[in-house]
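Participant: This is a predicted model, with the sequence first.
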Amino acid sequence: MLKSLRFLVCIFCSLYLCAPFFPATLHAQSATPAPAPSVSGDSPDADDDSDDQQPASNLITTISFSGSGKLTVNANAFLPDRNAAGASELKATLQEALGCSLIDSARLRPTPNFYVGYCTLPRPASTFLRQGDISIGPLRRYCDQHAVETLTVELHFPDADVTEAIPPAAVPSFPFKIPGKNGEWLRKYMRLTSNYTWQLSKPIPAAIEYRFGYPPSKVQRGALFLFLILLAPLALLSWLGRKTLSADIPDKAVVWFSYMRSLSWILNGSLLFWWAALDYFQVEPILRFLASGTSFDSFLAHPVAAQMIAWVPPSLVWLLCFRLSHPIQQKLRGLSWTKRELTLQSLYTLLAGLFPLAMFLTGINLLTSHSASASVWFLAAFVVRVFAAQALLKLNGMQPHALTSGDLRDRAFAMADQLGVKLQQVYLISSGKGQIANAFASSHDHISFTDFLLQRMSRREVDYVMAHELTHLKLKHPSKLGMARFVAFFLGLILLTALLVFLPGPNFTLVRYLVMFGIMTALPFVISRRFEYAADAGV
């Protein structure tokens, strides 16, 4: 139903916008009474031949503006005599009307009656608004020289907050009300489109003034809000750190775990609000608008720019937050990390996780246009992840060592045979300064233990943990969990795009990102918990 309604709306808009293409005789016939019957006895065919007219001639010019300052013009001249105009006459007329030097389109060859080209508008006097005028005089002179009866000028503005043309174009009235998102889509289309059609026999304006861009107040308000989003985690964590250190609770481990859980929520929440604010305040199009005509324009047009805007500022906040947590790690956990080591640990964690993801997304965006560049970004994401993971293990002193002999290895392989599990290797990991008591199962049929865990558990407890990890391998949980995270991430992105249709507009920006973030985090968490229960049950 919704698709059918949108289809009808498109048909209506197309008929309205294409009205200048139809012969003027059609409009005239609809308003003129039928001729009286002939009294001279002449045949009707003779009257039809005498009234036979050529379709009205038109000059149709479509001008599209982009937020980056590029102007694209498409002109069609329907002349009574198609050979009357010279090959360069239409282009010269358009250049005089637009006030810029046009570059021919590389895909569509100019002809005497057809032209497509583009130019870059000069830097605006106002930082946030681009304005100018289109001279109608050269277009009218061209029409007069070639007996063109109708002149059409259509303007397409970018999706900016301010879009204005003077004199304003007539807005069509619809015979029915279009509800919901279809009506909103149509209103947005009409706001960004100005269509003028003039008969050359009547007065027409000398010029069309245009203006588009962003109100300075909105840009300043958005910049302030983004700054507060970056500042809020630091202020909140400073307050939380003081409360944690002054907490009168005997069990310091409980306080530390509570602090780290709060830290995780603060960091994830700051990332969510940052993404939502970038979308709500239209940061990327505003930056491209401000950078048009500068050396930053080409950089912001690259997909990597969007990823850097989305990831780099919150990542810097993450580094500062972990650095602020140094007293908590030192006094409550008893770790001997310096501030520099803690900051480097956080940096390598980001380089092993978030940054390869951003590089991978950049590669996906380049697949359709630059497949070779996309391959380079995919490879770079893999190299950065491997390098950062190795650097993180080296910094923490947690590099794994394969066990080639010993009681632990023999027990692990014996238990694997008993459970019917294909075990490739057993690793021992030094806990280093992190003092981590943990065990891991990997998708390569490996299991690993930290020496901190082995030192603090009995043989029976170690065997239980070993059986738990081997059950993970038997049920192929590591590879399934990796696939679940991959699916959850792209499912979140798909839902974010779909919600733009069902929940459009800036008022639902935060809701859309909450749904996306919920899918990305909740789905892997639920599956991970189920896997842990299944591994416990299999012991």
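Facilitator: In hand now; what should we look at?
Participant: where does the closest residue to L403 other than its chain neighbours sit relative to E164, distance-wise?
Facilitator: In space, and not counting its chain neighbours, L403 is closest to R409: 4.3 Å by Cβ to Cβ, 6 or more residues apart in numbering. Backbone N, C-alpha and C define where each C-beta goes, glycine included. The spacing between R409 and E164, counted by Cβ to Cβ, to the nearest Å, is 76 Å.
Participant: what does G406 give?
Facilitator: Distance from G406 to E164, by Cβ to Cβ: 79 Å.
Participant: on that earlier part again, okay, now the residue nearest to L403: neighbour count?
Facilitator: Neighbour count of R409, defined by other Cβ atoms under 10 Å: 17.
Participant: May I ask you to confirm that it belongs to a helix?
Facilitator: Yes - counting by DSSP: H, G, I helix; E, B strand; the rest coil, R409 falls inside a helix.
Participant: Report the contact partners of P215.
Facilitator: Taking Cβ atoms under 8 Å, 6 or more residues apart in numbering, we find P215 in contact with F128, D161, V162.
Participant: Revised request: answer the last question for L342.
Facilitator: F322, R323, S325, H326, Q329.
Participant: Check which helix or strand it maps to.
Facilitator: Element membership of L342, judged by DSSP states H and E, is helix 339-352.
Participant: Look up the closest residue to Y348, ignoring the ones flanking it.
Facilitator: Ranked by Cβ to Cβ, 6+ apart and with sequence neighbours excluded, the top spatial neighbour of Y348 is L392, at 3.9 Å.
Participant: what about that neighbour, which helix or strand?
Facilitator: In this assignment (DSSP H and E), L392 forms part of helix 371-396.
Participant: what angle separates that helix from helix 339-352?
Facilitator: 150 degrees (axes from the mean of the first three to the mean of the last three Cα atoms, to 10 degrees).
Participant: Tell me the buried residues in whichever helix or strand comes after helix 371-396?
Facilitator: The first helix or strand that comes after helix 371-396 along the chain, using DSSP H and E, is strand 400-402. Neighbour-count burial for strand 400-402, with 16 or more other Cβ atoms under 10 Å as criterion, is recorded at P400.
Participant: before we move on, what about stretch 307-325?
Facilitator: Those would be 307-311, 313-315, 317-322, 324-325, for stretch 307-325 by 16+ other Cβ under 10 Å.
Participant: can you check stretch 322-340 too?
Facilitator: F322, L324, S325, H326, I328, Q329, L332, R333, L335, W337.
Participant: OK, contacts around the nearest residue to L129 once chain neighbours are set aside?
Facilitator: What sits nearest to L129 in space, not counting adjacent residues and going by Cβ to Cβ, 6+ apart, is G213, at 3.7 Å. For G213, the contact set (Cβ under 8 Å, 6+ apart) comprises P124, S126, F128, L129, R130, Q131, A160, D161, V162, F289.
Participant: any idea how far the third one is from E164?
Facilitator: In this case it means F128. Relative to E164, and taking Cβ to Cβ, F128 is found at 14 Å.
Participant: Same check on the fifth one?
Facilitator: For R130, the distance to E164 equals 11 Å [Cβ to Cβ].
Participant: Those two - which one has more neighbours?
Facilitator: Between R130 and E164, R130 has the larger neighbour count (other Cβ under 10 Å), namely 25 against 15.
Participant: Over to the more buried one. Which of the three states is it?
Facilitator: Quick answer, by three-state DSSP: R130 is strand.
Participant: got a list of what it touches?
Facilitator: With Cβ under 8 Å, 6+ apart, R130 has these contacts: F65, G69, L121, P124, R211, F212, G213, F289.
Participant: of all those residues, which two lie farthest apart?
Facilitator: Within the contacts of R130, two members stand farthest from each other by Cβ to Cβ: G69 and R211, at 13.9 Å.
Participant: Could I get the buried residues of stretch 322-340 in JSON lines, plus columns for pLDDT and secondary structure?
Facilitator: What follows is the buried residues of stretch 322-340, written out as JSON lines (pLDDT from 0 to 100; DSSP: H, G, I helix; E, B strand; the rest coil):
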{"residue": "F322", "pLDDT": "89", "secondary structure": "helix"}
{"residue": "L324", "pLDDT": "90", "secondary structure": "helix"}
{"residue": "S325", "pLDDT": "89", "secondary structure": "coil"}
{"residue": "H326", "pLDDT": "88", "secondary structure": "helix"}
{"residue": "I328", "pLDDT": "87", "secondary structure": "helix"}
{"residue": "Q329", "pLDDT": "83", "secondary structure": "helix"}
{"residue": "L332", "pLDDT": "80", "secondary structure": "coil"}
{"residue": "R333", "pLDDT": "77", "secondary structure": "coil"}
{"residue": "L335", "pLDDT": "75", "secondary structure": "coil"}
{"residue": "W337", "pLDDT": "79", "secondary structure": "coil"}
